[in-house]
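> Could you look at this predicted model? Sequence included:
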Amino acid sequence: MNTDLALGLVRVTETAAINASKYMGRGDKNAADEAAVEGMRRMFDALPIRGTVVIGEGEMDEAPMLYIGEVLGSGDYEVDIAVDPLDGTSFVAKGMPNALAVVAIAEKGSLLHAPDMYMEKLVVGPKARGVVSLDVPLSENIKNVAKALKKDVSNVTVVIQDRPRHQHLMEEVRRVNARLKLFSDGDIQEALATCFEESGVDIMIGIGGAPEGVITAAAVKCVGGDFQGRLCPMNEEEKQRCFNMGIKDLSRVMQLDDIVKSDEVYFAATGVSDGNLLKGVVFLGKDRAKTSSIVMRAKTGTIRYINAIHNLSRRGY
Ligand SMILES: O=P(O)(O)OC[C@H]1O[C@](O)(COP(=O)(O)O)[C@@H](O)[C@@H]1O
Ligand SMILES: [Mn+2]
């Protein structure tokens, strides 16, 4: 795969982030999302790839752009694309921190092709790789992670999205006296934090979006952590959609290598509003904006932080 793609991919998330950040605090999550989608799509089309969206903004009938199956790019290098133009749409609408523009691309045929639905996820960092499973109780996973990290269980921190569907998980964390961190939205950023030791979180578990799951898996592969996922169809129609996309066994826990089959995978993210990992977009004077991004490649394990100052009028914003 062309290694220059890393910079090209950052342009995609930078543009999505700048576009979305114009909607900070306007109370309109759809407008923020649409702006991100437009920016992302435009910059994808400038890349020398022929990319197919394998998981993203919904299926063709329900999403005008970046829908599953959409082909992007102006070259012939074939890749799979997983997109979430704006993770944390409600953060942008409310003018809150932690919104990100994110994307992952990988060698053709290597990313999970699935509908835009829910997925159960379990994520840990590199030192706890191989010691957790979605098939065992959370309490057991916590104990195994404590052992792997050489920590007391009471010092292990589990991060969970604050939703009623996760009540039983929260109770289990409390029952074993581990630490619990809740978040309202944006599970990609929270999950990825488990792979950065200084973040102070060790395990992310819970049900969230499947596109976010595939993108998180790509990022986790780049940093050497562990990811497991299981699709959660909510009704017969969603089950049928999975079967139509070739997913036969819905009860099976998918391992990281099932979701991201190749090492030829890149992940890029740009902060829209300030977050744990990245700063948000800052507008400087009349026509400049500063962005902060991360881009990673699994094959080499390189993690790049890229700060950029954009001249908006010259770039045609
Ligand atoms: O809000 P729900 O239905 O619980 O879904 C959880 C999903 O929503 C998010 O919190 C926000 O996603 P969007 O901003 O892309 O809508 C995701 O990070 C998470 O995976
Ligand atoms: Mn999202």
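Here it is on my side, so go on. Ligands and ions are numbered 1, 2, ... in the order given.
> what about stretch 173-185, average pLDDT?
Stretch 173-185 shows a mean pLDDT of 98.
> Relative to the whole chain's centre, how far out is it?
21 Å (CA atoms, centre = their mean, to the nearest Å).
> could you check whether it is close to ligand 1?
Yes. Stretch 173-185 lies within reach of ligand 1 by CB under 6 Å from any ligand atom, at Asp185. Backbone N, C-alpha and C define where each C-beta goes, glycine included.
> The residue of the chain found nearest ligand 2 bridge partners, please.
Residue nearest to ligand 2 within the chain: Asp87 (3.7 Å; CB to the ion). Judged by DSSP bridges, the bridge partners of Asp87 are Leu100.
> which residues sit in contact with it?
99-102, 185-189, 212 (CB atoms under 8 Å, 6 or more residues apart in numbering).
> rerun that using 7 Å as the cut-off
100, 102, 186, 188, 212 (CB atoms under 7 Å, 6 or more residues apart in numbering).
> ok, now Ala31?
Ala31 neighbours (CB under 7 Å, 6+ apart): Tyr23.
> give the contact list for Asp185.
Neighbours of Asp185 in contact, by CB under 7 Å, 6+ apart: 88, 90-91.
> same thing but 6 Å
88, 90 (CB atoms under 6 Å, 6 or more residues apart in numbering).
> swap in Val123?
Contacts of Val123 by CB under 6 Å, 6+ apart are 191, 194, 204, 227.
> tell me the secondary structure for the third one?
Three-state call for Met204 (DSSP: H, G, I helix; E, B strand; the rest coil): strand.
> Tell me if I'm right that it and Gln161 touch.
No. Using CB atoms under 6 Å, Met204 makes no contact with Gln161, being 8.7 Å away.
> For the two, indicate the residue with more neighbours.
The neighbour count for Met204 versus Gln161, taken as other CB atoms under 10 Å, is higher for Met204 (31 against 21).
> about what we covered before: mind checking pLDDT for the residue of the chain closest to ligand 2?
97.
> Can you pick out the ones from the contacts of Asp87 that are in helices?
188, 212 (DSSP state H).
> ok, and of the contacts of Asp87, which contact ligand 1?
Okay, of the contacts of Asp87 touching ligand 1 (CB under 6 Å from any ligand atom), that's 186, 212.
> ok, now which ones touch Tyr305?
Contacts of Tyr305 (CB under 6 Å, 6+ apart): Ile294.
> State the helix or strand in which it lies.
strand 303-311 (DSSP states H and E).
> mind listing what's buried in that strand?
306, 310 (16 or more other CB atoms under 10 Å).
> And stretch 282-301, by the same measure?
Result for stretch 282-301 [16+ other CB under 10 Å]: buried residues 289, 291-298.
> In its sheet, which strands sit next to the strand holding Tyr305, and in what direction?
Strand pairing (DSSP bridges) places strand 303-311 next to strand 288-297 (antiparallel).
> correct me, but Ser139 touches Glu172?
Yes. Between Ser139 and Glu172 there is a contact under CB under 6 Å: 5.3 Å.
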